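*Asks:* Sequence first, then the predicted structure:
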Amino acid sequence: MARIAPRIHISADGIARLEALACQLPQDERVRIELHDGSTCAGIVETQPSVQMFFDPQGREGSNAVVRIELMADAATAASGLRDLWLDEIAGVMRLPNPSPPEPSTRTPADPNAPAR
């Protein structure tokens, strides 16, 4: 990963906001993300982001983080693939339901991790 970020954050409030967003983006979670510019994207979080130290274009050191989203193709944009987002670009995160919940177990003995009948 590059050590240069377009923006860095040094205030306690800014870093706390980044850390709170990172906690809303666990690995393999289906999410819809709204960006500050009003655009949205939906997909699956590849790896939970972690706040790290970067340098901005002026050489100042501070914090930021990147999340990689595997985009879900939707009828409106037909976009798919991977997208990297800087956490400070994110205005909000909404978790999406799993489209195929697990089926009850038909094994004997029953699978203890499957939902009950």
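*Replies:* The structure has been received and is ready for your questions.
*Asks:* Backbone dihedrals for the residue most central in space within the chain, please?
*Replies:* For the chain, the residue nearest the mean C-alpha position is residue 25 (4.0 Å; C-alpha atoms, centre = their mean). Here is the backbone geometry of residue 25 (degrees, to the nearest 10): phi -120, psi 60.
*Asks:* From the chain's centre, how far out is stretch 55-64? Work that out for me.
*Replies:* Chain-centre distance of stretch 55-64: 22 Å, with C-alpha atoms, centre = their mean, to the nearest Å.
*Asks:* go on, stretch 92-103?
*Replies:* Remark: stretch 92-103 is offset 14 Å from the chain centroid, using C-alpha atoms, centre = their mean.
*Asks:* The chain should start at 630 in everything you say after this.
*Replies:* Noted, 630 is the first residue going forward, which turns the last one into stretch 721-732.
*Asks:* what about it, how long is it end to end?
*Replies:* Stretch 721-732 has an end-to-end distance of 31 Å (C-alpha to C-alpha, to the nearest Å).
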